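Undergrad: Please find the sequence and the predicted model below.
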Amino acid sequence: MTPQEIEALFTRTDGSYAFARWGRPIAPVVFGVEDQTLAVVKGAIEALCHLAGHDIAETDPELGVNLMVFFLREWDELRGVPDLDRLIPDLAPLLDRLEGIDANQYRIFRFDEAGAIRAAFVFVRMDAEMSKVPAETIALAQAAQTMLLWSDQAFTDRSTLAQTPSGAVVLRPDIGALIRAAYDPVLPPSAHDPSHALRLSARVGAAL
């Protein structure tokens with residue numbers, strides 16, 4: 001991946017460069033799925049953590065859990081989740097906006113003093129389009145998009161996933177190499193200078 005391609009993946013619609021990776025072990029919890037799908041989602045998160053060389057944990061000592069994944073049919077279901085409005089300020093107007101644009105997924109990140117990801121909330125609405133997608137594919141895509149703070153327009157034109165000749169859906173090798181490179185301990189946990197993409201590019205080249 002060229003530095004320009006990497007820079008684009010972390011450049012937001014307002015033109016700012018914003019990169020962050022997790023700064024603590026990921027302690028996930030999943031709501032709204034059966035046990036079989038729960039195992040699939042947690043398995044995808046574990047696989048991405050293994051790829052990145054990052055730890056996964058049962059609990060976070062400060063927060064209990066720090067990655068909350070919600071599967072739902074309608075955005076309105078979240079209005080009835082106890083205390084969710086305390087975790088996510090301005091929840092009501094956010095849900096109004098998501099309903100207005102007919103969104104089927106949304107992610108919110110929280111950060112620590114160093115700018116690293118401290119917690120994340122992932123919402124997947126199983127609309128008609130999303131319901132056609134296998135659980136394994138949804139889980140892998142959401143895990144990949146939660147490992148780093150990507151641009152809000154990073155994957156509008158091309159998915160994080162690819163299909164093998166046999167028909168299996170896998171993480172794109174370049175995205176996998178980028179995630180692995182992003183967790184190199186030599187690099188900072190967060191960055192706002194586009195020159196950071198040059199350092200990532202050098203490590204991606206070595207990882208591919």
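TA: Cool, the structure landed. Note that the structure is a prediction, hence the values are computed from the model and not measured. Residues are numbered from 1 along each chain as shown.

Undergrad: so what secondary structure elements neighbour the worst-scoring helix or strand of the chain on mean pLDDT?
TA: Lowest on mean pLDDT, DSSP states H and E among the helices and strands of the chain sits helix 196-207, with a mean of 88. Applying 3 or more Cβ pairs under 8 Å, 6 or more residues apart in numbering; DSSP states H and E, one finds that helix 196-207 contacts helix 3-9, helix 173-182. To be clear about C-beta, it is placed using only N, CA and C from the backbone, and glycine gets the same treatment.

Undergrad: Quick one: residues contacting Gly64.
TA: By Cβ atoms under 8 Å, 6 or more residues apart in numbering, the contact set of Gly64 is Ala27.

Undergrad: for Gln145, same thing?
TA: Counted by Cβ under 8 Å, 6+ apart, Gln145 has contacts Arg107, Phe155, Thr160.

Undergrad: which ones are touching the second one?
TA: Translated: Phe155. Contacts for Phe155 (Cβ under 8 Å, 6+ apart) come out as Gln145.

Undergrad: Where does it sit: helix, strand or coil?
TA: Under DSSP: H, G, I helix; E, B strand; the rest coil, Phe155 falls in the coil class.

Undergrad: how much space between it and Arg107?
TA: Relative to Arg107, Phe155 is positioned 11 Å away (Cβ to Cβ, to the nearest Å).

Undergrad: gap between Ser131 and Asp55?
TA: The spacing between Ser131 and Asp55, counted by Cβ to Cβ, is 33 Å.

Undergrad: sorry, that was for Leu84
TA: Leu84 sits 26 Å away from Asp55, going by Cβ to Cβ.

Undergrad: Asp76 contacts Glu99, correct?
TA: Yes - under the criterion of Cβ atoms under 8 Å, Asp76 makes contact with Glu99 at 7.4 Å.

Undergrad: Would you mind finding the longest helix in the protein?
TA: The helix that spans the most residues within the chain, counting by DSSP state H, is helix 35-52.

Undergrad: So for that one, mean pLDDT?
TA: Here helix 35-52 scores 95 as its mean pLDDT.

Undergrad: tell me the angle it makes with helix 173-182.
TA: Relative orientation of helix 35-52 and helix 173-182, computed by axes from the mean of the first three to the mean of the last three Cα atoms, to 10 degrees: 60 degrees.
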